[in-house]
Every structure is written in structure tokens, then in C-alpha cells.
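**Student:** Predicted structure and sequence below. I'll ask about it afterward.
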Amino acid sequence: MVGLRLPGTRTGRLLWAAGAAAVVCGLLAWWLVPASGPSPSGKVTFGTGVRTGVYERYGKLLKERLDRDMPDVDLRLRHSQGSVDNVERVASGEADFTIAAADAVAAYRNGGGKDARRIRACARLYDDYMHLVVPADSPVRSAKDLKGLKVGVGEERSGVSLIAGRLLKAAGLDPRDDVEQVRSGIDRMPGLLDDGKLDAFFWSGGLPTSAIERLAGRTRIRLVQLGDLVPRLHEQEPETRYYRAAVMAPDAYPSVQRGKSVKTVAVANLLLTTDRADPGLTESITRSVLGSRDQIGRKVHAAQKVDLRTAIYTDPVALHEGARRYYREEKP
């Protein structure tokens, strides 16, 4: 075996060492960094939410971005009743990706939902804010004043229904006996309130929600504070540990709030999939979601809150391996 001959001069030896180091670094990079796989392709189903809700608007705009970033992926949007429905669909494989509130995910897991342990997250997105909407001349000043009234609480399998029931309990009311619950989504509740068929309705969504903006454009409404319920709400832990006290800024609904903030409750939304999802596809979708913040945020203001620094905090579920690849690369 022939040995290596080092250059005779000091300069030569330095150049030789530098070249050897470059070769070693190159080999290490080749070994440690996985080669780029094929571009993601195939059909992918994405669960959104009720028509006119923020989930639906966000899903449509995200599809536009993914169509550009991943032209070989056929992304198909599917409407749903909301978070509870979405969690069940993604766990069962009916949807490949979806959006759901953290409390709905926790409820499914804690309730022993089928394949709950397979659920994974791609990112924490934006927060949903709880709304309690009443006519401007309503005597309702707090949730406890809803006793005996006809109240929209969202569809049966929605995140709104989940939170509304807990808020009513925190207000000292029995959701089944003390209010007349109307199970409709944000696509119908504003019209029912406008027609006098509801006294109030709950909604959980990003700020602002377009359906409420449109309602405010045709009739005088008011947002009832829910901040007084936070201590009693947290007494229901661990079920309510994902809710936090929050404030709707005065510019969320300027014509309604008239310069005043509204104390309420907020919960984080998560972009979900399962461990069945291909890591390469999941990494690409996570990259597009984080990269499209400003583009989508111009039309869905809630999306402006999507942030690389907080996206990794997806409690109560772990990140998917493909999402972890993306965050390791980006180093939030």
C-alpha cells in the first residue's frame, strides 16, 4: 500500500490540509443530509369547516398556495361541522390533513377516540376567539343572562359546541335545561339572529370572522364579554387547560366595538395529520403553510399570527416526523 506524501513546504502542507478538510466535510454533508426525494404527488384530502367560517377561507387560500408549490398534488377540500368532526375524520383516515382546536384534540384523546394515538401535528397556527353575539339592544351582559333564551351553539360536532357547553357551565347554567340550544353553524346563525329566531349565538373563530362582519353591516349587534368566566372555566380542568384569557382588540370589529376591547377566551388551532402521512409530503405542506403566512394573511387576518417561533408548540399532540424535518432545517 502506497502512503500519502505530504508537500514539503509549510504553504503546501496548509493547502493540502485545507483540501483534505473540504473533502471530509463534503463526505459528512453527503452522509448526514438526506438526498431530496421525489416531488410529492397524488390525491390529498384536507378537512376545512363550515361554509363562511375561517377554516374554510383558510383552506381555500392554502390550496391555492399548495397548487403552486406542489403541482403534482391533487388537494381536495372537504367541508365539515368543525373541530370535533375534523379530529374524528383525520384519525379515521377520511381526511389526510385538517385544522382543529387543541381542546377538541384533547377531548378526543382523553375520551379514548379510535386511533387517537396516531394523530400528529404539523404546526400550531392561530388562535380562535370565542364570540357571544347578541342584538345591540339585548339585555344580555354576561353568559349567565342567557338563561331561558334561544342560543345558537354551533353544530353537533363542532368546536363551538364543545366550548359553548363548558362556558355555560362556568356561568352556572345547565346547557340542556337552562337554555334552548339551536345547533347551527356560522353559515346560518347570523341570519337566524337577524330574523329574530335566535336571542344570541356563540362562535369560535379567528379574528375577524367574515360572517360576523357581514352581519354587523346589516344589523346592529354587540359582543358580550366572557372574561368573567375564566376562573370558573379553569375549575373544569384538565378539560379546559387549553383555554386562555384573551382580549379582542378594538379593531377586530370596529363598527361593533366602537373603540372598546372585549375580554374573552381563546384556544389554539393546530394543523393535523397522522403517522400514516408520508414524511416528504408532510414536510412540504408544513413548509408551504409557514411560507404562505403573509400571502394568506392579507385575506384571512388570523393567518398573520402563524409564526415559526411558536409553530412547534402543538400540545396535546407530537409533531409529525416530516414537520420536525422542516423545523430542524429552519431552526426556529
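**Tutor:** Done, it's in.

**Student:** Which secondary structure state does Ala95 sit in?
**Tutor:** Using DSSP: H, G, I helix; E, B strand; the rest coil, the structure places Ala95 in coil.

**Student:** My guess is it contacts Asn86. True?
**Tutor:** Yes. Under the criterion of Cβ atoms under 8 Å, Ala95 makes contact with Asn86 at 6.9 Å. Backbone N, C-alpha and C define where each C-beta goes, glycine included.

**Student:** okay, these two: which has more neighbours?
**Tutor:** Asn86 (31 against 25; other Cβ atoms under 10 Å).

**Student:** Please list all residues in contact with that one.
**Tutor:** Shown in contact with Asn86 (Cβ atoms under 8 Å, 6 or more residues apart in numbering): 47, 49, 55, 80, 95, 98-100, 104, 272.

**Student:** what about 7 Å?
**Tutor:** Asn86 makes contacts with 47, 80, 95, 98-100, as judged by Cβ atoms under 7 Å, 6 or more residues apart in numbering.

**Student:** now do Gly42
**Tutor:** By Cβ under 7 Å, 6+ apart, the contact set of Gly42 is 73-74.

**Student:** how close does Ala106 sit to Leu162?
**Tutor:** In this view, Ala106 and Leu162 are 10 Å apart by Cβ to Cβ, to the nearest Å.

**Student:** helices and strands around the strand or helix carrying Leu125, which ones?
**Tutor:** Leu125 is part of strand 119-135, with elements assigned from DSSP states H and E. For strand 119-135, the elements it packs on are strand 200-205, strand 221-223, strand 243-248, strand 262-274, helix 279-291, helix 321-330, judged by 3 or more Cβ pairs under 7 Å, 6 or more residues apart in numbering; DSSP states H and E.

**Student:** Let me see the domain layout of the chain.
**Tutor:** Taking automatic domain parsing as the criterion, the chain consists of the domains 44-126+269-330, 128-267.

**Student:** Quick one: the ones you listed as CSV, columns for mean pLDDT too.
**Tutor:** Below are those laid out as CSV (pLDDT from 0 to 100):
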stretch, mean pLDDT
domain 44-126+269-330, 94
domain 128-267, 96
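
**Student:** Please identify every residue contacting each of Ala95 and Asn86.
**Tutor:** Between them, Ala95 and Asn86 share these contacting residues under Cβ under 7 Å, 6+ apart: Gly47.

**Student:** For this protein, which segments count as helices?
**Tutor:** Along the chain, counting by DSSP state H, helices occupy 10-32, 54-69, 83-92, 102-110, 159-170, 189-194, 210-218, 230-234, 254-257, 279-291, 293-297, 321-330.

**Student:** that older thread, pick the most deeply packed of the helices and strands packed on strand 119-135.
**Tutor:** Of the helices and strands packed on strand 119-135, the one with the most neighbours on average (mean count of other Cβ atoms under 10 Å) is strand 200-205, at a mean of 28.

**Student:** Need the residues that contact that one.
**Tutor:** Against strand 200-205 from outside (Cβ under 7 Å, 6+ apart): 53-54, 101, 128-134, 138, 140, 146, 149, 151-154, 159-160, 163-164, 186, 189, 193, 209, 212.

**Student:** Ok, stretch 128-135 next?
**Tutor:** Applying Cβ under 7 Å, 6+ apart, the external contacts of stretch 128-135 come out as 101, 140, 143, 163, 167, 193, 199-207, 212, 220-224, 226, 246, 248, 264-267, 269.

**Student:** who's in contact with Gly297?
**Tutor:** Gly297 touches 303-304, counting by Cβ under 7 Å, 6+ apart.

**Student:** Roughly how far does it sit from Val230?
**Tutor:** For Gly297, the distance to Val230 - Cβ to Cβ - is 28 Å.

**Student:** again, but for Val224
**Tutor:** Using Cβ to Cβ, Val224 is found at 14 Å from Val230.

**Student:** And for Met70?
**Tutor:** From Met70 to Val230 the distance is 41 Å (Cβ to Cβ).

**Student:** for Arg324, same thing?
**Tutor:** 33 Å.

**Student:** Next: Ser142.
**Tutor:** 12 Å.

**Student:** More neighbours: which of these two?
**Tutor:** Val230 (19 against 14).

**Student:** contacting residues for the residue nearest to the more buried one when sequence neighbours are not counted?
**Tutor:** Take Val230 and drop its neighbours on the chain: the residue closest to it by Cβ to Cβ, 6 or more residues apart in numbering is Ala245, 4.7 Å away. Ala245 makes contact with 227, 230, 265, according to Cβ under 7 Å, 6+ apart.
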